[in-house]
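S.K.: The amino acid sequence is not available; the structure is as follows:
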């Protein structure tokens, strides 16, 4: 049974003693282990606050989705209130767009009573309690690296997931600095696992040129999983190339009292009106460098809807606002896939479709992040619900002739087939 179909150990409805409903929102993963860690965090938070009803929900790739969770709670009425609590470290597109769109849609289609029982709490951010926790993870992993004698010869590489949103990357750099400021270290070097640069292997190689005696790699991430395992492999490969440097990889933040305490603060801040989702430097409203085309009200709405279409596609619920087509092809155009040639692939697909006279039957669209970073370029074909990964420009002709025209899957490229 898939994880998303398993019953959760949370109360099915509000009891007389409950004063609050909290939707704890996670990203969602194709890996059951990652979803289980999130659900463990939700259960730990529920145990910490027995008077609150904690409902887990996901942005994508697992269920219940945020709209599903909110719709279910809306049927119970406006009281007790609902706080959407994003279990996200930084303020990126999922927090900025998905929560606001879900709440806006719920209010527009809900009862017109004037009541607004929906509150959105802030992301975790560069919270001192969490940066201190990350520092403890580093100390636990390599205590000998941080003695007064050793610290000046120690380089710490702090690694985040990486985002296409400058807000999130800026906050990550702030968190890395807060984590190591005043510790007497030789060097603090931020790095990313994907989407943006510098990437972790690049930063480790750069650190080697500084001639540290020790290198401590700290994954500034909530949970373990594919990215942390990949980071360990990268660190091991670095250690083999530089055997004179002692290399250690710390544990991610994990579920603990520090994390649960910050979550509590975010809920209380939302209720008090002091920690709600900010929009001051949101990339969809302010023309930040490289993001100007996504600024402004109408452009922000269009970007949000386009990005949301990728999530609907992940759930097998693609909807189209244009005239009916035989097929709609989505090609990921986010930074990681673009660096692997997705834009050349997109042009090749369009050219091939046009050459066969199928331009009115098959639409090829550049999509936002489709959740396959590191595995792309990613292509999704709807209404078939077929996802391909690792598709190159040279595969365009085969994909068009075999699948889009010939109705035969290109088996060597298939990632998954959604129902």
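M.R.: Sure thing, it's come through. Note that the structure is predicted; figures quoted are calculated from it, not measured.
S.K.: what's the following helix or strand after the helix or strand bottoming out on mean pLDDT in the chain?
M.R.: Scoring the helices and strands of the chain by mean pLDDT, DSSP states H and E places helix 297-314 at the bottom, with a mean of 50. Taking DSSP states H and E as the definition, the helix or strand that follows helix 297-314 towards the C-terminus is strand 327-332.
S.K.: tell me the mean pLDDT for the helix or strand following that next one?
M.R.: Scanning forward in sequence from strand 327-332 by DSSP H and E, the next helix or strand is helix 335-339. Across helix 335-339, the average pLDDT comes to 85.
S.K.: Show me what counts as buried in helix 335-339.
M.R.: Within helix 335-339, the residues that qualify as buried are 335, 336, 337, 338, counting by 16 or more other C-beta atoms under 10 Å. To be clear about C-beta, it is placed using only N, CA and C from the backbone, and glycine gets the same treatment.
S.K.: which strands and helices sit next to that helix?
M.R.: When contacts are defined as 3 or more C-beta pairs under 8 Å, 6 or more residues apart in numbering; DSSP states H and E, helix 335-339 sits against none of the other helices and strands.
S.K.: Distance from the chain centre to it, please.
M.R.: Averaging C-alpha positions (C-alpha atoms, centre = their mean, to the nearest Å) puts helix 335-339 16 Å from its chain's average.
S.K.: returning to what we had before: save the buried residues of helix 335-339 as JSON lines, and put in distance to residue 213 too.
M.R.: Shown next, in JSON lines, are the buried residues of helix 335-339 (distance: C-beta to C-beta, whole Å):
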{"residue": "335", "distance to residue 213": "34"}
{"residue": "336", "distance to residue 213": "33"}
{"residue": "337", "distance to residue 213": "38"}
{"residue": "338", "distance to residue 213": "38"}
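S.K.: can I see the domain layout of this protein?
M.R.: For the chain, the structural domains run 3-125+258-272, 128-249, 311-417, going by automatic domain parsing.
S.K.: gap between the second one and the chain center?
M.R.: When you say that, I think you mean domain 128-249. For domain 128-249, the distance from its own C-alpha centre to the chain's C-alpha centre is 20 Å (C-alpha atoms, centre = their mean).
S.K.: Span of stretch 409-416 from start to end?
M.R.: Looking at stretch 409-416, the gap from its leading to its trailing residue is 11 Å under the measure C-alpha to C-alpha, to the nearest Å.
S.K.: list the buried ones in that stretch?
M.R.: Buried residues in stretch 409-416, counting neighbours by 16+ other C-beta under 10 Å, are found at 409, 410, 413, 415.
S.K.: can I get those residues in a markdown table with pLDDT?
M.R.: Shown next, in a markdown table, are the buried residues of stretch 409-416 (pLDDT from 0 to 100):
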| residue | pLDDT |
| --- | --- |
| 409 | 91 |
| 410 | 91 |
| 413 | 92 |
| 415 | 86 |
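S.K.: so which of the residues you listed would you say is closest to residue 81?
M.R.: Here the nearest of the buried residues of stretch 409-416 to residue 81, counting by C-beta to C-beta, is residue 415; it sits at 40.2 Å.
S.K.: quick one: average pLDDT of stretch 120-140?
M.R.: When the per-residue pLDDT values of stretch 120-140 are averaged, the result is 95.
S.K.: my bad, should have said stretch 21-39
M.R.: The average pLDDT for stretch 21-39 rounds to 88.
S.K.: Go ahead and measure how far stretch 412-419 is from the middle of the chain.
M.R.: With C-alpha atoms, centre = their mean as the basis, stretch 412-419 stands 22 Å off its chain's centre.
S.K.: Apologies, that question was intended for stretch 90-107.
M.R.: Centroid separation between stretch 90-107 and its chain, computed with C-alpha atoms, centre = their mean, is 13 Å.
S.K.: So which bits of it are buried?
M.R.: By neighbour count, with 16+ other C-beta under 10 Å as the criterion, the buried positions of stretch 90-107 are 90-103, 106.
S.K.: what's the answer for stretch 176-195, then?
M.R.: When burial is assessed from 16+ other C-beta under 10 Å, stretch 176-195 yields the following buried residues: 176, 178-180, 185-195.
S.K.: Please flag which of the residues you listed sit within helices.
M.R.: Cross-referencing those against helices under DSSP state H gives 176, 178, 179, 180.
S.K.: quick revisit: which of the buried residues of stretch 176-195 sit farthest apart?
M.R.: 186 and 195 (27.9 Å).
S.K.: And the buried residues of stretch 176-195, which is closest to residue 347?
M.R.: Taking C-beta to C-beta as the measure, residue 195 is the one of these closest to residue 347, at 22.2 Å.
S.K.: Summarise which helices and strands the helix or strand harbouring residue 236 is packed against.
M.R.: Under the criterion DSSP H and E, the helix or strand holding residue 236 is helix 226-241. In terms of contacts (3+ C-beta pairs under 8 Å, 6+ apart), helix 226-241 is packed against helix 200-208, strand 214-219, strand 246-249.
S.K.: Rounded mean pLDDT for that helix, please.
M.R.: When the per-residue pLDDT values of helix 226-241 are averaged, the result is 95.
S.K.: tilt between that helix and helix 200-208?
M.R.: Using axes from the mean of the first three to the mean of the last three C-alpha atoms, to 10 degrees, the interaxial angle of helix 226-241 with respect to helix 200-208 works out to 40 degrees.
S.K.: Now tell me what touches helix 226-241 from outside.
M.R.: Identification of contacts with helix 226-241 by C-beta atoms under 8 Å, 6 or more residues apart in numbering yields 31, 34, 159, 161, 193-194, 200-201, 204-205, 208, 215, 217, 219, 221, 245, 247, 249, 252, 374.
S.K.: related to what we said a few turns ago, restricted to helices, list the buried residues of stretch 409-416.
M.R.: Counting by DSSP H, none of the members of the buried residues of stretch 409-416 fall within helices.
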